[in-house]
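Participant: For reference, the sequence and a predicted model appear below.
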Amino acid sequence: MLHRLEFLDLQAFILVAELGTFHEAAQRLHLSQPALTRRIQKLEELLEVELLERTTRRTRLTPIGADFLPRARRMLEECESSILGIRELVTHQKGTVTIACLPTAAFYFLPSVIRVFSEAWPGIRIRILDVSANEGLEKVINGEADFGINMISAQSSEVRFTPLLRDPFVLALRSDHPLASKKQIEWSDLEDVRLITVSRDSGNRTLLDNALSAEGIHLNSFYEVQHLSTSLGLVESGLGVAILPRMTMPGPDHDTLCSRDLPEPRIQRSIGLVRSNSHSLSSTAQLFIDLLLEHWGKEAI
């Protein structure tokens, strides 16, 4: 039934109901009276009810017509609003861009780009899903996110990866830790210290473990946490040291924490843009990606 309901039929009914006369309504709609009558009749046949009582002098609503009138107005308003909404989306006046992003990368990549983007397109909302590498990949694949910023290790045949930069792992420690005074850290220096690590389902942990195992390096993983930010908190409390991506570290002017470069083998993660191979991008999401690549493309690897 609904697919046979026409915008102009509703408009005709509403105008006749408001004016109380077919003659004036026909003039307003630039229709002949017979054409207007056919539209009302078609609507009544579709609904299988009588909406209007016609007399020689006046036209008035039936009880069912009076009940239907506010519904018809709402339907017309929703239709007009939807059309305007589509136009706003096409012209980028409104919309939403959803990004599945590693929490550490969200701080690093997004604020400067969001600032420029929001100034250019203030009506477009930005939704950031700050999740783990595996979760972020899944959200891009299932279409919950328009695109992602992720590690190259979190890969699937269902997505394509555009590298943006390499993020080396560093040793995070307190500035008053004995190792902080060393010019060069050796792996043997870390054998007797308590290492704070993230859980084994973390992409960062997998990357680190694989690199160390390949070189036969075994460290004392004493504390295990779920988030990199938590490991930094434990380091700051003096409970141990951590091996973390440099992007995770606070600035060099931090009162307590500092970082030191690690020896060979250099461990690093590749951070980049993840897009689905099966879902097409909205034009608003493409605008954001273009700006992101313009801003970070010079850092690309």
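Facilitator: Done, it's in. Computed from a prediction, not measured in an experiment: that's the story for all the values here.
Participant: Quick one: mean pLDDT over stretch 277-291.
Facilitator: Taken as a whole, stretch 277-291 has a mean pLDDT of 86.
Participant: all strands for the protein, in order.
Facilitator: 52-54, 59-61, 95-101, 124-130, 147-151, 159-174, 195-198, 221-225, 241-245, 257-261, 268-276 (DSSP state E).
Participant: Of all those strands, which one comes closest to Gly20?
Facilitator: Smallest distance to Gly20 across these (Cβ to Cβ): 5.6 Å, for strand 59-61. Using the backbone N, CA and C atoms, a C-beta is placed for each residue, glycine as well.
Participant: Report the buried residues of that closest one.
Facilitator: By neighbour count on 16 or more other Cβ atoms under 10 Å, the buried set for strand 59-61 is Thr59, Leu61.
Participant: Can you list the strands that it pairs with?
Facilitator: strand 52-54 (antiparallel) (DSSP bridges).
Participant: roughly how far out does the partner strand sit from the chain middle?
Facilitator: 52 Å (Cα atoms, centre = their mean, to the nearest Å).
Participant: Just the pLDDT at Thr59, thanks.
Facilitator: Listed pLDDT for Thr59 reads 87.
Participant: okay but it is in contact with Glu18, surely?
Facilitator: No - between Thr59 and Glu18 there is no contact under Cβ atoms under 8 Å: 10.8 Å.
Participant: rewinding a little: just say which of the strands of the chain is most tucked in.
Facilitator: strand 147-151 (a mean of 28; mean count of other Cβ atoms under 10 Å).
Participant: Taking strand 95-101 as reference, get the angle to it.
Facilitator: 10 degrees (axes from the mean of the first three to the mean of the last three Cα atoms, to 10 degrees).
Participant: what residues does strand 147-151 touch?
Facilitator: 99-102, 105-106, 109-110, 133, 136-137, 139-140, 159, 161, 164, 203-204, 207, 269-276, 281, 285, 289 (Cβ atoms under 8 Å, 6 or more residues apart in numbering).
Participant: Over to stretch 23-39?
Facilitator: Glu6, Leu8, Asp9, Gln11, Ala12, Phe13, Leu15, Val16, Leu19, Phe22.
Participant: Tell me where this structure is predicted with low confidence.
Facilitator: 1-4, 56, 81-93, 153-155, 297-301 (pLDDT under 70).
Participant: what about 80?
Facilitator: Applying pLDDT under 80 to the chain flags residues 1-5, 55-57, 77-95, 109, 153-156, 201, 203, 252, 296-301.
Participant: just to revisit the earlier point, and the furthest pair within the contacts of stretch 23-39?
Facilitator: Glu6 and Leu19 (19.7 Å).
Participant: roughly how far apart are the residue nearest the centre of the chain and Glu50?
Facilitator: In the chain, the C-alpha nearest the mean C-alpha coordinate belongs to Thr98, at 1.1 Å (Cα atoms, centre = their mean). As defined by Cβ to Cβ, to the nearest Å, Thr98 lies at a distance of 48 Å from Glu50.
Participant: same deal with Ser202?
Facilitator: 68 Å.
Participant: Neighbour count: the two, which is higher?
Facilitator: Per other Cβ atoms under 10 Å, whichever of Ser202 and Glu50 has more neighbours is Ser202, with 20 against 13.
Participant: list the contacts for the residue nearest to that one when sequence neighbours are not counted?
Facilitator: Setting aside the residues directly before and after it, Ser202 is nearest to Ser132 in space (Cβ to Cβ, 6 or more residues apart in numbering), at 6.5 Å. Taking Cβ under 8 Å, 6+ apart, we find Ser132 in contact with Leu102, Asp201, Ser202, Gly203.
Participant: Out of those residues, who's the most crowded?
Facilitator: Neighbour counts for those peak at Leu102, which has 29 neighbours (criterion: other Cβ under 10 Å).
Participant: list the contacts for that residue?
Facilitator: Here Leu102 is in contact with Asp130, Val131, Ser132, Ala133, Gly136, Ile149, Asn150, Met151, Ile271 (Cβ under 8 Å, 6+ apart).
Participant: residues near the second one, how many?
Facilitator: So the one you mean is Val131. Neighbourhood size, Val131 [other Cβ under 10 Å]: 19.
Participant: Thr248 reaches Thr104, doesn't it?
Facilitator: Yes - using Cβ under 8 Å, Thr248 is in contact with Thr104, at 4.9 Å.
Participant: Spell out which residues are contacts of both of these two.
Facilitator: In contact with both Thr248 and Thr104: Leu228, using Cβ under 8 Å, 6+ apart.
Participant: Let me know how buried Glu135 is, in neighbour terms.
Facilitator: By other Cβ under 10 Å, neighbour count at Glu135 equals 18.
Participant: Would you agree it is in contact with Pro103?
Facilitator: No - at 10.8 Å, Glu135 does not count as touching Pro103 under the criterion of Cβ under 8 Å.
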